[in-house]
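*Asks:* Following is a predicted model, sequence given first.
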Amino acid sequence: MSISKTYLPQETEEKWYSYWLKHDFFKSVPDEREPYTVVIPPPNVTGVLHMGHMLNNTIQDVLVRRARMKGKNACWVPGTDHASIATEAKVVAMLKERGISKKDLTREEFLAYAWEWKEKYGGIILDQLKKLGASCDWDRTRFTLEDDLSEAVIDTFIHLYKKGLIYRGVRMVNWDPQGKTAVSDEEVIRKEVNQKLYYIRYKVVSSESEVSSPDYLTIATTRPETIMADAAICINPNDERYFYLHGKKVLIPLINREIPVILDEYVTMDFGTGCLKVTPAHDLNDYELGQKHNLPVIDILNDDGTLNEKAQILVGEDRFAARKKIAALLEADGYLDKIEDYKSQIGFSERTDAVIEPKLSMQWFCKMTEMAQPALDYVLKGEIKLIPDKFTNTYRYWMENVKDWCISRQLWWGQRIPAWYLPNGQFVIAKSKEEAFEEAKTKSHGISIDELVQEEDVVDTWFSAWLWPISVFDGFKDPNNADINYYYPTNDLVTAPEILFFWVARMIMAGHEFRGEAPFKNVYLTGIVRDKLGRKMSKSLGNSPDPLALIEKFGADGVRVGMLLCSPAGNDLMFDESYCEQGRNFANKIWNAFKLVKGWEVDEKLESANAVAIEWFESRFNQALTEIEGNFTQFRLSEALMSTYKLVWDDFCAWYLEMVKPAYQQDVEKQAIDSETYSATVRFFENILKILHPFMPFITEELWHDDLFGARQELDCCIVAQLPKGGQINTRLLDEVEIVKQIITQVRNIRNAKQISPKEKLGLSVKANSQVDYKGYELIITKLANTNALDFVSDKLAQAAGFMVSTDEFYVPLEEKIDPVEECARLQKEKDYLTGFLKAVNSKLGNERFMANAKPEIIEVELKKKADAEAKLNIIEEGLTALAC
RNA sequence: GGGAGUUUAGCUCAGCUGGUUCAGAGCAUCUGCCUUACAAGCAGAGGGUCACUGGUUCGAACCCAGUAACUCCCA
């Protein structure tokens, strides 16, 4: 291995990913080990990798790799989602470019194009994940629209229908006039929009005798184009202004249709004019009001959002064009009172961005209440943990107020609903036309199979996604197969909080319904990746970096570290390239530490001089191991990474390696080192590679195979190495080394302040008052602070820069005179601080209520504080006296 | 309109049961260094009214009430 000056990711990533694949390290088959299972949240099959995926999959890969290195049988199942609306929209757009309209195609022809599209673009996102280092078992790659998974969808549909949980009904749905399909509430994005409020006069129909009251009323609406669908005008029965309207009828302007005035307290008296036009076909609240008052439903819109013949006027116009035109018509005929600006929330389709139209239509629904209860219980009882747990509240609220799920979509790209209609309008639910025919015969004698017509609609994409943790293991086709029995329930699910409800919650329902068991144990909810300014990264804003370009620039390891550094659990993360830069720099640091060790040559004749340093790092490593383990248990991944980062950079590189590295020898190619230090360092390095591997798989695998670590068997790889087990932690040693570090820092400080070169050796005298045996640390101190051997003294040194660490006094003799005034000031400052500190401690200890209420260990701490401060203060006093300040 | 969350250094965040030597990291900043692993680096330093106001407590970044700003969810 040639050692370049910096780490070059491009040269290693491809090599090792292929190597891992070739040796089936990602592959999992059931065995006697404990399984660790993760199913990927399947990305859209036609999508490309964005920063959200990067974060999500980095986290999954870290968890999976760590589990693998803990001896578990790790299985990460990849796959893609057919994403019916999004994909169909893309296919329609592609066809349009080729001059083909969906309208002119049969279902089969369209699907052929769609599959062609899928084959062409379907694998892209998975290939991108490989660049990131994702250790998925690619042999298990599934697709939500493949035959087996589709069959599972149909079977569950039939199962739920038979159980009475699926029904067909007329409902007000969110209609996307551009996609020409119903979309779920979750796929509607509400945005505040500037609108106009039109005040329109309706003529009151009156008998000739009454002329005392105004002969019209005024309503306010944002949707004048729907007046032709009005079924009534509603007023609040308590509204004194309108008592005269009770029992009256009015005429709809322009078309002069007569509609009644109805009374309902639903109407807010102080909004608009207090008169509400009731349009049951085009507004959810109006629909409910209409049901209550038995009003007719007049739907004046076509599926594409144009007006139909029921509107009588402006037939064929788009709803927005019609709005403008009707305003002009009303104006011309004197029906338009005024127009005001008005802000309100409007729903937009998540997929097509079209304004959602509330529309009554016949749809298929899945009842939720019954399934929601057990799904809620899993979370409330803690059998499924949401991380962070603040989401538990939101989850509960949603599950307690769950609405039936509209599962039909007016699309072709998806699983077609297994309903067959008879000529008489009845339908049967069956897996195949033949089975449907058998059942149809019992309903309608003499029917022929050709008369059966299958439902045109497909099911909502989530109706296949909710089965994912079961269907990827063929749990429907073969409910007792070895895989499902072994891997299910899975362990951790890593996903975005945005889909907690329409995916996670429903998977829990499906898990309970079809397996009687929750589908996973932990749900780790990542934040949304935002840019530095806090804006969500999106294609339209153009603020999302290209993930592959980032990998190109900083290396996959660097990007993985970068993603994790800024990703506290559940909080959004403000992504910035500089995090990846930090990741890259870290990789480079590891690389260079390796270069240092690589440059050593064992000299058997040398005595080991580093026993203390070795024992210290061993303890420090074991301590960090415990911290890291704790962080992982709590899913604090960025903290686990930070602990690892500091262990490697600070403790290993900045302290340990500096302590043990051979002093510079001129004209020597390889630095000589004793065998004990060498083997300990190599062992430490190997352990460091192990704990780094889940975060930085490529560089660690690369270094793992260097002959520094001896000859490796073909299958002896870092990816399957077992994480080091914790060992002894010598806390006294750890504490004392902290003191030693302070001494070194203080000496370096003096150097800095006095502008003395690091190359110049200094003297160092110790007046030890504590129990610390500095003799044992002498080598470390003299080496890192570049001083002569310690001079143990019993008196203060004049003509020296002094400092205190704990209660011990240190002096660095200097040639230049120490300014006694300056020295006095330094001591005085320290004395002032300690006096104040001591005062606070004493007042605490003198407080009866503190002594009565505080826990004994707290009091003990305070007593120790007091003793330490007093001891230190004494020494300072002595110093002050000696200087005669 | 209802609900949830957030607010700690220039930035991103820790701070776990209210109690260790005046609140901690990382990055950024400043100063000095191209010191034979690393300038993608080394050594050192500075930086805080813990959003605000009150309360509880011997003791509050932490508990309670209110206020403000921001974010998200639901209508």
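*Replies:* Great, that's in hand.

*Asks:* Please make it C-alpha for all contacts and neighbour counts, starting now.
*Replies:* Will do.

*Asks:* Isn't residue A:204 up against residue A:252?
*Replies:* No - between residue A:204 and residue A:252 there is no contact, the gap being 9.5 Å when judged by CA atoms under 8 Å.

*Asks:* higher neighbour count, these two?
*Replies:* For residue A:204 and residue A:252, the more surrounded residue by other CA atoms under 10 Å is residue A:252, and the numbers stand at 24 against 21.

*Asks:* just checking, the more buried one touches residue A:227?
*Replies:* Yes - contact criterion CA under 8 Å: residue A:252 and residue A:227 qualify, at 6.9 Å.

*Asks:* how near is residue A:677 to residue A:137?
*Replies:* In this structure, residue A:677 and residue A:137 are separated by 40 Å, where distance is defined by CA to CA, to the nearest Å.

*Asks:* Sorry, wrong one. I was asking about residue A:14.
*Replies:* Here the criterion is CA to CA. By it, residue A:14 lies 17 Å from residue A:137.

*Asks:* cool, and residue A:635?
*Replies:* Residue A:635 sits at a distance of 23 Å from residue A:137 (criterion: CA to CA).

*Asks:* biggest strand in chain A, by residue count?
*Replies:* Counting by DSSP state E, the longest strand found in chain A is strand A:188-205.

*Asks:* Residues contacting that strand, please?
*Replies:* The contact list for strand A:188-205 (CA atoms under 8 Å, 6 or more residues apart in numbering) reads A:174, A:215-224, A:248-253, A:330, A:335-350, A:356.

*Asks:* Parallel or antiparallel, list what pairs with it.
*Replies:* Taking DSSP bridges as the criterion, strand A:188-205 pairs within the sheet with strand A:216-221 (antiparallel), strand A:249-251 (antiparallel), strand A:336-349 (antiparallel).

*Asks:* buried sites along it?
*Replies:* Along strand A:188-205, these residues count as buried under the neighbour rule (16 or more other CA atoms under 10 Å): A:188-189, A:195-205.

*Asks:* Any figure for the gap between the nearest residue to residue A:339 once chain neighbours are set aside and RNA strand B?
*Replies:* By the measure of CA to CA, 6 or more residues apart in numbering, the closest residue to residue A:339 outside its immediate chain neighbours is residue A:198, 4.7 Å from it. Between residue A:198 and RNA strand B the distance, using CA to the nearest atom of the strand, to the nearest Å, works out to 21 Å.

*Asks:* Now distance to residue A:777 and mean neighbour count too, for the strands paired with strand A:188-205, in CSV please.
*Replies:* What follows is these, written out as CSV (distance: least, CA to CA, whole Å; neighbours: other CA atoms under 10 Å):
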stretch, distance to residue A:777, mean neighbour count
strand A:216-221, 84, 20
strand A:249-251, 99, 20
strand A:336-349, 69, 15
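
*Asks:* lowest-confidence stretch among those strands?
*Replies:* Taking the average pLDDT of each of these, the minimum falls on strand A:336-349, with a mean of 81.

*Asks:* Does RNA strand B have contacts with that strand?
*Replies:* Yes - contact of strand A:336-349 with RNA strand B (CA under 7 Å from any atom of the strand) involves residue A:345.

*Asks:* which parts of whichever helix or strand comes after that strand are buried?
*Replies:* Scanning forward in sequence from strand A:336-349, with DSSP states H and E defining helices and strands, the next element found is strand A:357-366. Residues A:357, A:358, A:359, A:360, A:363, A:364, A:365, A:366 are the ones in strand A:357-366 that count as buried (16+ other CA under 10 Å).

*Asks:* tell me the least confident of these?
*Replies:* For these, the minimum pLDDT belongs to residue A:360; the value there is 83.

*Asks:* Give me the number of neighbouring residues for the residue nearest to that one when sequence neighbours are not counted.
*Replies:* Distance criterion CA to CA, 6+ apart; nearest residue to residue A:360, sequence neighbours excluded, is residue A:172 at 4.3 Å. Here the neighbour count serves as a burial measure; for residue A:172 (other CA under 10 Å) it reads 22.

*Asks:* do residue A:4 as well
*Replies:* The criterion is other CA under 10 Å. On that basis, residue A:4 has 10 neighbouring residues.

*Asks:* do the same with residue A:280
*Replies:* One way to gauge burial is a neighbour count; for residue A:280, by other CA under 10 Å, it gives 27.

*Asks:* Quickly note the distance from it to RNA strand B.
*Replies:* The spacing between residue A:280 and RNA strand B, counted by CA to the nearest atom of the strand, is 16 Å.

*Asks:* Thought residue A:287 was touching that residue, still the case?
*Replies:* Yes - Residue A:280 is in contact with residue A:287 according to CA under 8 Å; the separation is 3.8 Å.

*Asks:* and for the two, which residues touch both?
*Replies:* Among the neighbours of residue A:280, those also in contact with residue A:287 (CA under 8 Å, 6+ apart) are residue A:297.
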